[in-house]
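K.L.:
turn this into a structure:
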Amino acid sequence: DAYFGMANVLNDQGKLEEAMGLYHKVLGIRLKALGPDHAKMAQTYNNMGYALCKQGKLEEASVECQKALDIQLKTLGEDHSSTAHTFHSIGEILCKQGRLEEATKLGEKALGIFLKNHGADHPATALGRELMQLIHAKAREMGSIK
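P.N.:
Have a look, this model is predicted:
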């Protein structure tokens, strides 16, 4: 978990290539220790996807986040906060791809889960609201709404 924490710090600092190297190391360790369908594997895939999204590698990001979502739906269920974070990540990827209808559905789903699990004043709920604002801004930019 120390490598995972360091990768997250690097990701937050924008040192995305370094973060990805550590995420790959974490994947190898977690795969051996926990197996392919563990929730911590999903957490790693989601964070890798988010780092790839920040790099503009949207197709690769989508693949990693989908791996995370598949595991989370199996192991944690649709209404778990970790699953909501992955819905959020995929929603952001879709928004950046201009796929706003799909992004909106996932953004609303993530926000609903965050509200249900954490209430209106939690940082995760704020994250969900930020995604919805991003989607609306992208829609205005694309001329979908005024």
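
K.L.:
so, low pLDDT: which residues of this protein?
P.N.:
144-146 (pLDDT under 70).

K.L.:
what's near enough to touch residue 111?
P.N.:
By C-beta atoms under 8 Å, 6 or more residues apart in numbering, the contact list for residue 111 reads 125, 128-129, 131-132. Using the backbone N, CA and C atoms, a C-beta is placed for each residue, glycine as well.

K.L.:
can you rerun that using 7 Å?
P.N.:
125, 128-129, 132 (C-beta atoms under 7 Å, 6 or more residues apart in numbering).

K.L.:
what's the neighbour count on residue 131?
P.N.:
Other residues lying near residue 131 total 22 when counted by other C-beta atoms under 10 Å.

K.L.:
over to the residue lying closest to it once chain neighbours are set aside: give its phi and psi.
P.N.:
Excluding its sequence neighbours, the residue lying closest to residue 131 (C-beta to C-beta, 6 or more residues apart in numbering) is residue 107, at 4.6 Å. Backbone torsions of residue 107, given as degrees, to the nearest 10, read phi -60, psi -40.

K.L.:
ditto for residue 57
P.N.:
phi -90, psi 70.
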